[in-house]
Every structure is written in structure tokens, then in C-alpha cells.
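Trainee: Everything below, folded, please.
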Amino acid sequence: MKKVAVLLLGSMVLTGCGSDESSDSHASSTYMGEIESVNAHADSMTVNAMALSLSNARIELNGHYVDSTELEPGMQVDVEYDDGIAYEVDIDPEIVGIATLVTESEITVNGQVFEHANIAKDLVGTNSNRVMLFGYIDQTGKWVINAIHKANFLPAEDLYEGKITSIDKASSHFNIGTMKVDYSNAGMDMDHEDLAELKVNAWVEVEGQFSTDFKAYDVDVEDDLDLANAEVEGYVTALNHDKTLMTLNGKTDVVITENTRFEDGIKDELKVGSRVDVDLINNAGQLQASEIEFD
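Mentor: As a prediction, this is how the structure comes out:
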């Protein structure tokens, strides 16, 4: 995607004040990760063991304003902050839609069934709540859902993301697994370069309305290089034999070079399923790990 929307924990980006990444001249750092706690009385939240004031923060989800009272622990967020003050907070779920069936172990959203570890107790038996799902794709290609939160405060707009498994550009349709996406309306606003990026194995975020199929109003194709200069915490979901290429969270390919440093472990310990913190750089158009720290 043109903006970062992957499930990432503990990411840190240092950007210059007044940089092109943000119109807010105050924000000098960006953190992408999980909300650890929220203090409604102090109007603050804690991420990465940092307490951040929300009194000056603009909070959004896909361009929609969100009040700070809607923030909850477990949500993944992209925060621009400086000196203990958050200026921009973007909530970053993987799926948004109506939960049409909820049990203690499964939830159905946008026609797709997701397993969960009994983390939707307040939703069991309901069929009309708009929800946000946070998670990642594991090594088997299956969604691992880490958090589920109500989102009835949001407009009636659905969201789904994943890897394109087939595409028919003549009819403006593609599939993300069994999810069929009609992007004919979105295509009107996409330039030639954006349309060219729609191809099998491209990771996309789709906004629109789900009925039987998903009618997209907007399609963003992820660019891994958007994560350059970020510290990313995630799960290794693929790793080649000589450990020179790994995939984080089922979507982001990262090159490991002879210059990659390892902390709290050695390269031989790296394996599928490892939870790691990775410092990422853009080296001649290639996303590389400058440092990998084992969690």
C-alpha cells in the first residue's frame, strides 16, 4: 500500500520535523504497533512502554475521524509523536466489516470465517456489529487474529486486505483467496501505474462495500519500501534455506545480508515462527534488515 498497513508491532521511524511524511511539523518520530493501555482520565495511551498524551492528537481510521475514547488496548496503530505527545494516530486493522456470526472460536466478517482464541466474548451470539480484526498471515497462509474490537462508530464502509490470487483485468475483478473483488469503480481513480501494480501475489488493501462480493471504492497496493527506516516487530513466516530472505507477517519480504547485525541471538537461531524486531533500510531499491533482534 502507499501507506503502511500491515500488522506491525514495535516499529520506530525517525523522520525530520516538517518532513514530507507528515504535514505536522511537531512530529519527529513514528511508532507502528500495539496499544498497551489507555488512560481515559489522562487522555493518554501507552505504546512500546511510552505514555503518550492524546490531547493534541488527530485520530483516524482510513481517513475517518475517531474520538480518543474509542481507542482500546490491542489495537494496532501508527503514531506520530514527539516528547511524549501524540500528534497523529492512525488505527490499522486488517479487516473491517459486519460480524454476521460469532462463536467462542470463530467470527464471520465480509463473508470470511476467521478462527480466534475466545477473544470476542462480548460479541458471541450477535450478528449486526461492525468490527475491526487485527492479525497477520502465518506460515501456512492462515490468518492469526490477535484482537477483535467493535467499530460501530465507523461509517458503513468495509475493509479487507490480502494477497491477490487471481485477476481478470478485462472485467476489473480479482480474488483474494475466495473473496471476489470488483474494482471497476476504484479503477476510475487509479492511474496507469496503480493499475499496473494489480497482479497476482500483490498485497492489497481494499475499501468498499461487501455484499455477496466485495465492491471496492479504493484499492491500495502495498509497497514494501514504505517500511524503510522503520523498526518492525513481527513473526518470521517464511525463510529461505541460506537465511538471506525472510517474510514478516506473511507479507513483507526482507533481505538479510552479511552486514545484518543480530542481537540477543545469532543467525543460526532464526527460523519460521521467530518473533523479531527488525531495523529496515532501503538499499538501492531493496528492503534489507540492518539489524535483527530476537524477542
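Trainee: Strands of the stretch 101-250 of the chain, residue ranges please.
Mentor: Ranges of strands in the stretch 101-250 of the chain, per DSSP state E, counting those that start in this stretch, are 106-109, 112-115, 129-137, 143-150, 158-163, 166-168, 173-176, 179-182, 203-210, 214-221, 231-239, 245-248.
Trainee: relative orientation of the fourth one and strand 231-239 in degrees?
Mentor: Relative orientation of strand 143-150 with respect to strand 231-239: 140 degrees, computed using axes from the mean of the first three to the mean of the last three C-alpha atoms, to 10 degrees.
Trainee: Run the angle between strand 143-150 and strand 129-137 for me.
Mentor: Calculated by the same axes, to 10 degrees, strand 143-150 forms an angle of 150 degrees with strand 129-137.
Trainee: which other helices and strands contact strand 143-150?
Mentor: Under the contact criterion of 3 or more C-beta pairs under 8 Å, 6 or more residues apart in numbering; DSSP states H and E, strand 143-150 touches strand 112-115, strand 129-137. C-beta here means a position set from N, CA and C on the backbone, and glycine is covered the same way.
Trainee: Now do that strand, average pLDDT.
Mentor: In this model, strand 143-150 carries a mean pLDDT of 95.
Trainee: what comes up buried for it?
Mentor: Within strand 143-150, the residues scored as buried using 16 or more other C-beta atoms under 10 Å are 143-150.
Trainee: and if you look at the shortest one?
Mentor: For strand 166-168, a neighbour-count test (16+ other C-beta under 10 Å) marks Ile167 as buried.
Trainee: Determine the set of other helices and strands touching it.
Mentor: Strand 166-168 sits against strand 173-176, with contacts defined as 3+ C-beta pairs under 8 Å, 6+ apart.
Trainee: Direction included, what does the strand it packs on pair against?
Mentor: Sheet pairing of strand 173-176 (DSSP bridges) gives strand 166-168 (antiparallel), strand 179-182 (antiparallel).
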